[in-house]
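> Using only what follows, build the 3D model:
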Amino acid sequence: MFGRFLIIVLVTALAVGVVARSSQGSGHARVYVVRPSDTLWSIAQSHYGGDPREAVWKVTHANNLGDAATLRPDEGLLLP
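As a prediction, this is how the structure comes out:
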């Protein structure tokens, strides 16, 4: 009885391992076109949930903006 149970558990684990896919984080990156009144903070608040500080950091580093990030209208930003 225990042998059958062990075989079923192992086969199930193997099947899940074969079928499972990696999550790749939160999905594909998007390109956002900056509007005249946009700031990094407002973009982070509108496109990410939770605390916007982490999102500002992610957008800043994904776009190599540096510490004094100046956004220009019609500029494309990569939103990871």
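
> ok, Gly76 - contacts?
Neighbouring residues of Gly76 by CB atoms under 8 Å, 6 or more residues apart in numbering: 31-34. For glycine as for every other residue, the C-beta is placed from the backbone atoms N, C-alpha and C.

> now those: which count as buried?
Buried members of those, counted by 16 or more other CB atoms under 10 Å: 32, 34.

> Which of the contacts of Gly76 fall in strands?
The strands, defined by DSSP state E, take in 31-33 from those.

> Just give me the closest of these to Arg4.
Closest approach to Arg4 among the ones in strands among the contacts of Gly76 (CB to CB): Val31, at 54.0 Å.

> Just give the nearest non-adjacent residue to that closest one, would you?
Of all residues not flanking Val31 in the chain, Gly76 sits nearest, at 4.9 Å (CB to CB, 6 or more residues apart in numbering).

> Then Gly66?
Thr60 (7.5 Å).

> What does the nearest residue to Val33 once chain neighbours are set aside show for phi and psi?
Spatial nearest neighbour of Val33, excluding adjacent residues (CB to CB, 6+ apart): Gly76 at 5.7 Å. Taking degrees, to the nearest 10, you get phi -90, psi 130 for the backbone angles of Gly76.

> how far away is Gly76 from Arg35?
12 Å (CB to CB, to the nearest Å).

> where's stretch 9-17 relative to the chain centroid, distance-wise?
In terms of CA atoms, centre = their mean, to the nearest Å, the centre of stretch 9-17 is found 29 Å from the chain centre.

> wait, I meant stretch 28-36
Centre-to-centre, stretch 28-36 and its host chain are 14 Å apart (CA atoms, centre = their mean).
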